[in-house]
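Chemist: only geometry, no sequence info:
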Ligand SMILES: Nc1ncnc2c1ncn2[C@@H]1O[C@H](COP(=O)(O)OP(=O)(O)OP(=O)(O)O)[C@@H](O)[C@H]1O
Ligand SMILES: [Mg+2]
């Protein structure tokens, strides 16, 4: 569905170096967001995520590359044009950045005040925004009187004050507990649906990506090392860094004790440990019994579960497989041929 929508944000070959002779914070990063999608960028600390998101609204100017937002060449804009373009992009931060001596309503109205909107129009706009983020009852409260989740709701309402079609979120939930994180992610998704927002969201947590994103890009050392539909990246991660991120959320830890208790292979036989991810038309095929019968293997299920991403189911299983080495190889190839993802683990 998102494929037919127009491009909302296109970053092309973005390069950024903060200090002469220093390392590249961004090293040829490219990204395309379609209108209406929630796009996640995940990466470890220092990967360049914040620098990349700040490039979208030119809080950071790239040394090289193209920045296009809603069809506009951002780098060609004059100051007035840039101010106007920035009103089309709301930004939400990890630490909320609220004015402590302003009420909720005054914080939300702040960007409108800066933009020169008359007081009565500001009041009307704030009255629209408060129920959108569930804060009607808190309009006159001060930030110190709010929970972290409520403060972030203020941050989101403020970001949406000027009615931008784009929302940029830099670690919007990283200062929140898991339950509040779920609430805020649900709110962002709901706002995307109701306001048809395009959302670019940065996080270091794959759980956030799994909960809310349509597509995801993985960053490392200023580069995008992998990107795609969240379901595809979670079930078929290619880059080792992506694999380790994905393992944090959907991986099956195998307790050392249960590995130690696995029987040793018989003479002439080998033992291989593999994680198998079941997706697509063969997700419910009895692969284990077929492999056991057709390749003459003994298959021991060490762990397994069924999960889903955006309503799309998949299974994940860790198998200890015993048999002649060529038969093991052939069985894994056969599984891969069915479209399953087979990753061998150290046995
Ligand atoms: N203003 C700056 N001056 C100098 N170096 C900077 C500046 N901002 C970022 N960097 C460097 O650029 C690299 C990328 O930083 P960035 O903040 O984009 O990473 P990040 O992925 O957002 O990390 P985190 O998860 O910790 O927020 C890092 O090496 C960082 O030290
Ligand atoms: Mg950052």
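Modeler: Structure received. Since the structure is predicted, the reported quantities are computational estimates derived from the model, not experimental observations. Ligands and ions are numbered 1, 2, ... in the order given.
Chemist: contacts and neighbour counts: CA atoms only from here.
Modeler: Fine.
Chemist: where does the stretch 51-200 of the chain get nearest to ligand 1, residue-wise?
Modeler: Going by C-alpha to the nearest ligand atom, ligand 1 is nearest to residue 51 of the stretch 51-200 of the chain, at 3.7 Å.
Chemist: which of the helices or strands spans that residue?
Modeler: Counting by DSSP states H and E, the element that carries residue 51 is helix 49-56.
Chemist: can you tell me what sits against the helix or strand just after that helix?
Modeler: Following helix 49-56 in sequence order, the next helix or strand is strand 64-69 (DSSP H and E). Contacts with strand 64-69, where a contact means C-alpha atoms under 8 Å, 6 or more residues apart in numbering, come from 8-16, 28, 55-56, 73-75.
Chemist: could you tell me which of those count as buried?
Modeler: 8-16, 28, 55-56, 74 (16 or more other C-alpha atoms under 10 Å).
Chemist: write out the residues of this protein neighbouring ligand 1.
Modeler: 18, 25, 44, 45, 46, 47, 48, 49, 50, 51 (C-alpha under 6 Å from any ligand atom).
Chemist: nearest to residue 322, of those?
Modeler: Using C-alpha to C-alpha, residue 44 comes nearest to residue 322 of the residues of the chain next to ligand 1, at 37.2 Å.
Chemist: tally of neighbours for the closest one?
Modeler: Neighbour count for residue 44, taken as other C-alpha atoms under 10 Å: 16.
Chemist: now do the contacts for the residue lying closest to it once chain neighbours are set aside.
Modeler: Of all residues not flanking residue 44 in the chain, residue 204 sits nearest, at 6.0 Å (C-alpha to C-alpha, 6 or more residues apart in numbering). By C-alpha under 8 Å, 6+ apart, the residues touching residue 204 are 42, 43, 44, 45, 171.
Chemist: over to residue 72?
Modeler: No contacts exist for residue 72 under C-alpha under 8 Å, 6+ apart.
Chemist: what's the answer for the one 3 residues further on, then?
Modeler: The contact partners of residue 75, by C-alpha under 8 Å, 6+ apart, come to 66, 67.
Chemist: you'd agree it is in a helix?
Modeler: Yes: according to DSSP: H, G, I helix; E, B strand; the rest coil, residue 75 belongs to a helix.
Chemist: next one, pLDDT for it please.
Modeler: Looking at residue 75, its pLDDT reads 98.
Chemist: what of residue 198?
Modeler: 98.
Chemist: next, count neighbours for it.
Modeler: 24.
Chemist: could you find the closest non-adjacent residue to it?
Modeler: Nearest residue to residue 198 in three dimensions, chain neighbours excluded: residue 36, at 4.4 Å (C-alpha to C-alpha, 6+ apart).
Chemist: which one of the contacts of residue 204 sits closest to ligand 1?
Modeler: residue 45 (3.3 Å).
Chemist: how is the protein carved up into domains?
Modeler: Taking automatic domain parsing as the domain assignment, the ranges for the chain are 2-249, 252-345.
Chemist: what subset of the contacts of residue 204 is buried?
Modeler: By 16+ other C-alpha under 10 Å, the contacts of residue 204 give 42, 43, 44, 171 as buried.
Chemist: just the helices in the stretch 201-347 of the chain please.
Modeler: In the stretch 201-347 of the chain, the helices defined using DSSP state H, counting those that start in this stretch lie at 206-212, 230-235, 240-250, 256-260, 287-295, 325-337.
Chemist: weakest of those by average pLDDT?
Modeler: Ranked by mean pLDDT, those end with helix 256-260 at the bottom, a mean of 80.
Chemist: tell me the contacts of residue 318?
Modeler: 252, 254, 273, 274, 275, 276, 301, 302, 303, 304 are the contacts of residue 318 under C-alpha under 8 Å, 6+ apart.
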